[in-house]
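A.B. asks: would you be able to build a 3D model of this:
(one chain, ligands or ions: 3)
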Amino acid sequence: MISVEQALQLVLQETISFKIENVPLLQSLGRVLAQEVKADRDFPPFDRVTMDGIAINAKAFETGTRTFSIAQIQAAGQPPTTLDNPDNCVEVMTGAVLPVNATAVIRYEDCQILKELATVLIDHVKRGQNIHRQGADCLAGTVLLMPGQRITPAMIGTLASVGLSKVSVFQNPKIAICSTGDELVEIDQTPLPHQIRKSNVYMLAAALQEENIQASLFHLPDEPEAMRQQLTDIFRENEVVLLSGAVSKGKFDYLPQVLEQMRFWPIFHKIAQKPGKPMLFGKMPDGPLVFGFPGNPVSTFVCYQLYFKPWHKRCLGVSETPLWGQLAEDVTFAPALTYHVPVRLKNEKGIWKATPVPNTGSGNLTSILTAEGLLTLPADRTDFLVGEVFPVTLL
Ligand SMILES: Nc1nc2c(c(=O)[nH]1)N[C@H]1C(S)=C(S)[C@@H](COP(=O)(O)OP(=O)(O)OC[C@H]3O[C@@H](n4cnc5c(N)ncnc54)[C@H](O)[C@@H]3O)O[C@H]1N2
Ligand code: MOO
Ligand SMILES: [Mg+2]
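C.D. replies: Ligands and ions are numbered 1, 2, ... in the order given. Purely as a prediction, here's the structure:
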């Protein structure tokens, strides 16, 4: 059995290159950028007036002029006028181009305007005041965004500013999610007393939806030949297959043996962890990558979070910032397994305090309803004390 660290490393070694597609700007929200984005011009592209008021040549103020003749009015969106006499001023609006020869802008609140004359009421005027200088934010050619960034509303604003009506984003792989097990019925059916409704596949589909991936859902019966036939079709059509269940030691856990008959290339089966010990991972020759998550709902969910998600991020080039949480209660866990404890998280003065949620085992889906993260406690210890710090994965 391999360790959590080894398992993660083996999963991350199997990254694949996603195709790139061009989508209309607004459809790129939440997708991952696949192109470098540079400023197409200086930002701001001209000396921009930042207050409504009058533009003057500051030299005239310095030599004692206080009252200026209003020569023109300049709105935003107009080409710049020229201040050809230092005794004149131009009324300028926020967003307007600074008139040629003007070197300072004085707010209307600091002037008195009477007919065609503007008198400055303040004693100090600094050259460059209320002017956003051309290129002050960035110069043309500056790299603003890099591939691997998830597109946010603020980024949409930047993409719009540089004129990208279409954006290159990574295409997601075709993913299938398969439930297994004859005890499962569809969610719109009334289960018999010995049956349960499928939940894992919906949980996985929803988690993928958060990543903007629409997966197709399948169900495999506990019958090897039918399982093999269905998998043949699923493997032909998909680049990644997420399976839930049938990977442990039960008489009807046919998945490992069926996959073996199909020339599946196992990379690992079983990880020294709880939950999720029987996880299976490998690939089909010239076919999809296969994540075989253990069927217990919490195990499926935890393995998705700890192995699929980092794999997906790595494929997209999305960087991850490791997070740490401080145990808020003592925990004892004797087995020589890494223990992923579902925790509630509370930030106290910049430190994430992690409180384990009551947990009755990995069959209990409701135990992770209140959890906000998983605190990963190492396999080589039994007692974990309040105040100790461990890696956290946000859920
Ligand atoms: N003798 C041993 N038995 C078990 C071991 C072991 O090491 N030795 N490991 C246990 C652990 S840990 C886990 S986790 C489970 C994993 O089992 P499987 O991957 O084989 O999954 P199943 O047996 O098919 O199902 C387990 C459990 O989960 C329910 N399930 C499955 N799929 C769904 C679904 N789509 N929606 C809702 N619930 C689902 C299923 O009904 C079972 O209750 O094995 C332990 N056993
Ligand atoms: O590890 Mo199993 O994943 O505890 O239920
Ligand atoms: Mg089983």
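A.B. asks: got the residues of this structure near ligand 2?
C.D. replies: Lys274, Pro275, Gly276, Lys277, Pro294, Asn296, Ser299, Ser362 (Cβ under 6 Å from any ligand atom). The C-beta positions use only the backbone N, C-alpha and C, and glycine is treated the same way.
A.B. asks: correct me if wrong: the second one contacts Gly295.
C.D. replies: No. Shown here, Pro275 and Gly295 do not form a contact pair, counting by Cβ atoms under 8 Å, at 10.9 Å.
A.B. asks: spell out which parts of the protein neighbour ligand 3.
C.D. replies: Residues of the chain found near ligand 3 (Cβ under 5 Å from the ion) are Ser248, Gly250, Asp253.
A.B. asks: make CSV from those residues and add neighbour count, pLDDT and secondary structure to it.
C.D. replies: Shown next, in CSV, are the residues of the chain next to ligand 3 (neighbours: other Cβ atoms under 10 Å; pLDDT from 0 to 100; DSSP: H, G, I helix; E, B strand; the rest coil):
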residue, neighbour count, pLDDT, secondary structure
Ser248, 18, 91, coil
Gly250, 13, 88, coil
Asp253, 18, 91, coil
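A.B. asks: which positions in stretch 257-273 come out as buried?
C.D. replies: Going by neighbour count (16 or more other Cβ atoms under 10 Å), the buried part of stretch 257-273 is Val258, Leu259, Phe264, Ile267, His269, Lys270, Ile271, Ala272, Gln273.
A.B. asks: also stretch 138-157?
C.D. replies: For stretch 138-157, by 16+ other Cβ under 10 Å, it's Leu144, Leu145, Pro147, Gln149, Arg150, Ile151, Met155, Ile156.
A.B. asks: tell me the domain ranges of this protein?
C.D. replies: Listed domain ranges for the chain are 4-17+172-316, 27-42+137-170, 48-132, 323-394 (source: automatic domain parsing).
A.B. asks: name every strand pairing with the helix or strand encompassing Asn22 and say which way it goes.
C.D. replies: Assigned by DSSP states H and E, Asn22 belongs to strand 20-24. When sheet partners are counted by DSSP bridges, strand 20-24 sits next to strand 166-170 (antiparallel).
A.B. asks: helices and strands around the helix or strand hosting Leu144, which ones?
C.D. replies: Assigned by DSSP H and E, Leu144 belongs to strand 143-145. Helices and strands touching strand 143-145, as assessed by 3 or more Cβ pairs under 8 Å, 6 or more residues apart in numbering; DSSP states H and E, comprise strand 37-38, helix 153-161.
A.B. asks: roughly how far apart are the closest residue to ligand 3 within the stretch 101-250 of the chain and ligand 2?
C.D. replies: Residue of the stretch 101-250 of the chain nearest ligand 3, by Cβ to the ion: Gly250 (3.6 Å). Applying Cβ to the nearest ligand atom, to the nearest Å, the value for Gly250 to ligand 2 is 13 Å.
A.B. asks: how much space between that residue and ligand 1?
C.D. replies: Between Gly250 and ligand 1 the distance is 5 Å, computed by Cβ to the nearest ligand atom.
A.B. asks: over to Gln257?
C.D. replies: 12 Å.
A.B. asks: number of residues surrounding the closest residue in space to that residue that isn't next to it in sequence?
C.D. replies: Once flanking residues are discounted, Gln257 sits nearest to Pro224: 6.9 Å by Cβ to Cβ, 6 or more residues apart in numbering. Pro224 has 15 neighbouring residues, counting by other Cβ atoms under 10 Å.
A.B. asks: touching, Pro224 and Leu259? I think so.
C.D. replies: No. The criterion here is Cβ under 8 Å, and Pro224 misses it with Leu259 at 10.5 Å.
A.B. asks: tell me the average confidence for stretch 167-175?
C.D. replies: In this model, stretch 167-175 has a mean pLDDT of 95.
A.B. asks: for that stretch, list the C-alpha coordinates in PDB.
C.D. replies: C-alpha atoms of stretch 167-175 as PDB (Å, rounded to 0.1, in the frame of the first residue of the first chain):
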ATOM      1  CA  VAL A 167     -10.800  34.700 -25.200                       C
ATOM      2  CA  SER A 168      -8.700  31.600 -25.400                       C
ATOM      3  CA  VAL A 169      -9.600  29.200 -22.600                       C
ATOM      4  CA  PHE A 170      -8.700  25.600 -21.800                       C
ATOM      5  CA  GLN A 171     -11.300  23.000 -23.000                       C
ATOM      6  CA  ASN A 172     -12.300  20.600 -20.400                       C
ATOM      7  CA  PRO A 173     -11.700  16.900 -21.000                       C
ATOM      8  CA  LYS A 174     -14.700  14.600 -21.700                       C
ATOM      9  CA  ILE A 175     -15.500  13.100 -18.400                       C
END
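A.B. asks: pLDDT weak spots in the protein?
C.D. replies: Filtered on pLDDT under 70, the chain yields the residue ranges 360, 362-363.
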